[in-house]
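Peer 1: Need a 3D model of the sequence below.
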Amino acid sequence: MAAISRVQLHHPSAIFSRLPHSSYSFAINLRHRKVSGTRRLLCSSSPSFSSLSPSIVGDLLDYLNESWTQFHATAEAKRQLIAAGFHLLNENEEWNLKPGGRYFFTRNMSCLVAFAIGEKYTVGNGFHVIAAHTDSPCLKLKPKSASSKSNYLMLNVQTYGGGLWHTWFDRDLSVAGRVIVRASDGSFLHKLVKIKRPLLRVPTLAIHLNRTVNTDGFKPNLETHLVPLLATKPEEAPAESKEKSTLSSKDAHHPLLMQILSDELCCDVDDIVNIELNICDTQPSCLGGANNEFIFSGRLDNLASSYCALRALVDSCESPGDLSSEHAIWMVALFDNEEVGSDSFQGAGAPTMFQAMRRIVGSLANSYVGESAFDRAIRQSFLGTHQLKAFNCIIAFFVMLPFLFMLILFHHLKKKEKKKRILIQQVCLFIF
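Peer 2: Got it, this is the predicted structure:
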């Protein structure tokens with residue numbers, strides 16, 4: 001659930017700087033830079049913090065603390081791109097792109113594709129792409145989360161991705177995610193919600209009731225033991241209020257949870273149509289270690305890569321002249337649902353990135369672009385390297401196939417069939 005990472009990182013823009021037609025090459029040494037800006041969270045009040053630079057690591061901590069869910073990670077990336085001057089595109093509208101422009105679009109509020117076009121780009125030049133994902137292993141509320149046992153209100157959850165589930169016990173947990181709310185005009189709005197205070201807990205059984213846990217190991221049942229506690233069960237409500245709650249169609253979730261969400265969103269409970277919530281750890285990401293050289297945080301898989309990719313794209317085209325000599329297109333793709341196979345509309349298994357490439361090439365050509373121009377762009381990018389190797393392997397296979405056929409025939413023919421062997425050899429030589 002949590003991970004430790006060294007904080008002495010190269011500047012993310014160096015990723016794009018190693019690509020052709022770029023001129024950036026620098027790194028940051030955290031121990032020899034002065035502090036500027038907001039004070040970051042530390043695990044201790046070590047005086048050595050005064051020698052740390054918040055420019056990269058501090059911004060990474062901010063990104064991690066904002067990105068409790070894949071929805072919040074995408075929203076934070078969107079905010080940073082807009083602040084950097086990128087233009088938001090709509091997949092349902094026509095794109096009017098220009099060389100030197102910077103653009104991005106989102107899908108499902110959990111997937112994002114951003115790109116910067118070199119001013120010297122011509123149709124058929126390549127793409128330089130960095131891809132990562134916004135989702136992390138977590139617990140998710142089930143469609144019917146309401147549960148109660150022994151006068152306690154509990155939430156039914158399901159595991160998402162490949163997590164270390166024993167680390168979720170005895171932590172201060174809460175909920176965050178996306179809520180669909182009915183507006184006053186009858187339309188539906190997607191709103192993000194994050195309950196920052198500790199709301200839930202998955203308690204571990206006391207040692208008195210599990211004497212062999214230290215010898216046999218901790219082996220929780222994910223269906224019966226990994227059930228967060230929400231509150232103690234309230235006293236029976238009067239008949240009128242009970243009837244009202246049944247008419248509100250919110251039986252799938254505890255009314256207390258729905259009330260907390262409505263208070264956070266400043267709306268009525270009945271206006272909440274549906275929810276998609278993750279269970280999140282409220283402990284913030286911070287610096288730690290004797291010299292504050294570590295990052296203590298969850299969700300480093302894969303938000304660390306998402307942040308570095310995003311920062312590389314923003315920093316590499318920050319100044320007006322950064323794209324003046326660039327011939328290619330720089331692109332960052334942040335997908336969702338990688339932890340469960342990527343086979344979704346917003347996952348890497350969908351043709352999102354390739355559809356975007358085709359639309360970019362088509363828009364810059366100012367006319368319909370056939371397969372040749374798009375294929376040429378793929379071939380001249382990093383993506384085309386693998387396709388070219390595969391094509392060469394296929395050609396080599398068909399070239400070697402007659403030789404293999406001849407060897408097999410020679411192997412099966414006996415010595416007394418010498419004339420047949422010579423005849424087959426002459427036929428093969430004639431063919432080649």
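
Peer 1: all strands for the chain, in order.
Peer 2: When assigned using DSSP state E, the strands of the chain occupy the ranges 2-6, 87-88, 102-107, 111-117, 127-133, 138-149, 152-160, 173-182, 188-194, 229-232, 272-281, 286-288, 294-298, 329-335.

Peer 1: Let me have the ones you listed in TSV, extended by distance to Leu205.
Peer 2: In short, each C-beta sits where N, CA and C put it, glycine included. Shown next, in TSV, are the strands of the chain (distance: least, CB to CB, whole Å):
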stretch	distance to Leu205
strand 2-6	22
strand 87-88	50
strand 102-107	43
strand 111-117	40
strand 127-133	34
strand 138-149	14
strand 152-160	14
strand 173-182	17
strand 188-194	30
strand 229-232	13
strand 272-281	19
strand 286-288	29
strand 294-298	24
strand 329-335	38
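
Peer 1: Distance to Leu310, mean pLDDT and mean neighbour count for those strands - can I get that in TSV?
Peer 2: Formatted as TSV, the strands of the chain follow (distance: least, CB to CB, whole Å; pLDDT from 0 to 100; neighbours: other CB atoms under 10 Å):
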stretch	distance to Leu310	mean pLDDT	mean neighbour count
strand 2-6	17	57	13
strand 87-88	15	98	13
strand 102-107	10	97	21
strand 111-117	7	98	25
strand 127-133	9	96	21
strand 138-149	21	96	17
strand 152-160	23	97	18
strand 173-182	20	98	21
strand 188-194	18	97	15
strand 229-232	35	97	16
strand 272-281	21	97	20
strand 286-288	21	95	21
strand 294-298	17	95	21
strand 329-335	6	97	25
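
Peer 1: Specify the stretch among those strands that is closest to Phe218.
Peer 2: strand 152-160 (15.9 Å; CB to CB).

Peer 1: Now do that closest one against strand 272-281: the angle between them, please.
Peer 2: Going by axes from the mean of the first three to the mean of the last three CA atoms, to 10 degrees, strand 152-160 is angled at 80 degrees with respect to strand 272-281.

Peer 1: quick one, which of the strands of the chain is nearest to Leu60?
Peer 2: strand 294-298 (7.2 Å).

Peer 1: So which elements touch that closest one?
Peer 2: On a contact count with 3 or more CB pairs under 8 Å, 6 or more residues apart in numbering; DSSP states H and E, strand 294-298 meets strand 2-6, helix 57-66, strand 286-288.

Peer 1: Output the lowest mean pLDDT helix or strand found in this structure.
Peer 2: helix 239-247 (a mean of 47; mean pLDDT, DSSP states H and E).

Peer 1: which intervals of the stretch 251-400 of the chain have sub-threshold pLDDT?
Peer 2: For the stretch 251-400 of the chain, applying pLDDT under 70 flags the ranges 367-400.

Peer 1: try 50 this time
Peer 2: For the stretch 251-400 of the chain, the stretches with pLDDT under 50 are 368, 371.

Peer 1: Do a quick rundown of the helices in the stretch 251-400 of the chain.
Peer 2: In the stretch 251-400 of the chain, the helices defined using DSSP state H, counting those that start in this stretch lie at 255-265, 300-316, 352-365, 371-379, 382-412.

Peer 1: if we can go back for a sec, mind checking which of the helices and strands packed on strand 294-298 is nearest Ala312?
Peer 2: That would be helix 57-66 among the helices and strands packed on strand 294-298, by CB to CB, at 12.6 Å.

Peer 1: can you pull the buried residues of that closest one?
Peer 2: By neighbour count on 16 or more other CB atoms under 10 Å, the buried set for helix 57-66 is 57-66.

Peer 1: how about the CA coordinates for that helix, as CSV?
Peer 2: Taking only C-alpha atoms (Å, rounded to 0.1, in the frame of the first residue of the first chain), the coordinates of helix 57-66 have been written out as CSV:
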residue,chain,number,x,y,z
VAL,A,57,10.2,16.4,-5.3
GLY,A,58,7.9,18.9,-3.6
ASP,A,59,5.7,19.1,-6.7
LEU,A,60,5.7,15.3,-6.9
LEU,A,61,4.5,15.2,-3.2
ASP,A,62,1.7,17.7,-4.1
TYR,A,63,0.7,15.6,-7.1
LEU,A,64,0.6,12.4,-5.0
ASN,A,65,-1.5,14.1,-2.2
GLU,A,66,-3.9,15.5,-4.7
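
Peer 1: Sounds good, over and out.
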